[in-house]
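Chemist: Any chance you could fold what I've pasted below:
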Amino acid sequence: MIKKIFQIALLLTVVAWTTTPANAQKKLKEGVITLTLEDLGDDNPQMAMMNGSTMTFFFSGDKNRVDVNMMGGMMRINAVTDNKDAAKNFVLMDMMGMKYHIVEIDPEEMGATNSFSSFDNLSDIKYDKKDRKNILGYDCYKATATNEEGQSYVYYITDRIQPPKPANESANMLEGFPLRMEIDLGMGDGSKMVFTATEIEPKVDKEAFTPPADTEGYQKITMEEFLKEMNSMGN
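Modeler: Prediction:
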């Protein structure tokens, strides 16, 4: 189960968060957006530990950042992308005491880690502009997608929020920014996570994209080395 939770945490950073250009009167091109996990109940104690999880997205200019906070802070991921200077890309992960500082991340690798509406493995994206929700004052419409493993995703997206596009764009991109996400966990029993925006701020502190000065206790590792280590878990 712990390995599955690791996979879920990684999935949340894989879910793409940059959007294609859209025609809107006023676009939010800088800000901080927090999405919060809807309560999973307490029937399954291991899944109940996920209650209160958040994803926070920071974007400004050519930089973006995604923070994932799960299990009451026991699992945290911070991934920063600089689309103009790949040498500044980094990921910090603290997974129940397993701490990694991931460096030497090329744009393609970071695109697969810290993008929020472009996907390399989606087989289909469909839109239903008649199915709409108002989320924190933003008019959103429905998008559904399926990945190559058969997992399904449901989004409610807005074209009024436009973070920077990734350096390596995927052919499969949502045409708007998702303020609600329903993510199939791939467990075969219909289990899913639902994240909905709970806060939107129109400004971001530029220091949010700066690597922390103190990474003591974190293992410095390349993305290739990290993925090999994750793939070996449980084998």
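Chemist: Would you point out the helix or strand in the chain whose mean pLDDT is lowest?
Modeler: strand 118-119 (a mean of 44; mean pLDDT, DSSP states H and E).
Chemist: and the helix or strand that comes right after it, how far from the chain's centre?
Modeler: Next helix or strand after strand 118-119 toward the C-terminus (DSSP states H and E): strand 122-135. On the basis of Cα atoms, centre = their mean, to the nearest Å, strand 122-135 sits 18 Å off its chain's mean C-alpha point.
Chemist: Ok, stretch 142-150 next?
Modeler: That offset, for stretch 142-150, works out to 16 Å (Cα atoms, centre = their mean).
Chemist: cool, and stretch 134-146?
Modeler: Relative to the centre of its chain, stretch 134-146 is centred 16 Å away, using Cα atoms, centre = their mean.
Chemist: So for it, what gets flagged as buried?
Modeler: Using 16 or more other Cβ atoms under 10 Å as the test for burial, stretch 134-146 gives 135, 138, 140, 141, 142, 143, 145, 146. For every residue, glycine as well, the C-beta is placed using N, CA and C.
Chemist: can you tell me which two in these are farthest apart?
Modeler: Maximum pairwise distance in those, criterion Cβ to Cβ, is 25.0 Å, between 138 and 146.
Chemist: ok, the residue nearest to residue 60 when sequence neighbours are not counted - contacts?
Modeler: Excluding the flanking residues, the one nearest residue 60 by Cβ to Cβ, 6 or more residues apart in numbering is residue 30, at 4.3 Å. Going by Cβ atoms under 8 Å, 6 or more residues apart in numbering, residue 30 touches 59, 60, 61, 202, 203, 204.
Chemist: ok, the second one - contacts?
Modeler: Contacts for residue 60 (Cβ under 8 Å, 6+ apart) come out as 29, 30, 31, 204, 206, 209.
Chemist: before we move on, what about the fourth one?
Modeler: When contacts are counted by Cβ under 8 Å, 6+ apart, residue 202 touches 28, 30, 31.
Chemist: I'd like to check which residues are in contact with the last one.
Modeler: With contact set as Cβ under 8 Å, 6+ apart, residue 31 has these partners: 58, 59, 60, 161, 200, 201, 202, 203, 204.
Chemist: Most neighbours among those, which one is it?
Modeler: Tallying neighbours with other Cβ atoms under 10 Å puts residue 59 at the head of the contacts of residue 31, with 27 neighbours.
Chemist: Contact partners for it?
Modeler: Residue 59 neighbours (Cβ under 8 Å, 6+ apart): 29, 30, 31, 65, 163, 164, 204.
Chemist: now the second one: how far from residue 124?
Modeler: For residue 30, the distance to residue 124 (Cβ to Cβ, to the nearest Å) stands at 32 Å.
Chemist: The third one too?
Modeler: In this structure, residue 31 and residue 124 are separated by 30 Å, where distance is defined by Cβ to Cβ.
Chemist: Equivalent analysis for the fourth one, please.
Modeler: In this structure, residue 65 lies at 29 Å from residue 124, with Cβ to Cβ as the measure.
Chemist: Now do the same for residue 35: its pLDDT.
Modeler: At residue 35, the model reports a pLDDT of 92.
Chemist: So residue 227, which state does it fall into?
Modeler: What DSSP: H, G, I helix; E, B strand; the rest coil gives for residue 227 is helix.
Chemist: secondary structure class for residue 178?
Modeler: Residue 178 - assigned by three-state DSSP - is strand.
Chemist: Hmm, it is touching residue 161, no?
Modeler: No. The criterion here is Cβ atoms under 8 Å, and residue 178 misses it with residue 161 at 9.2 Å.
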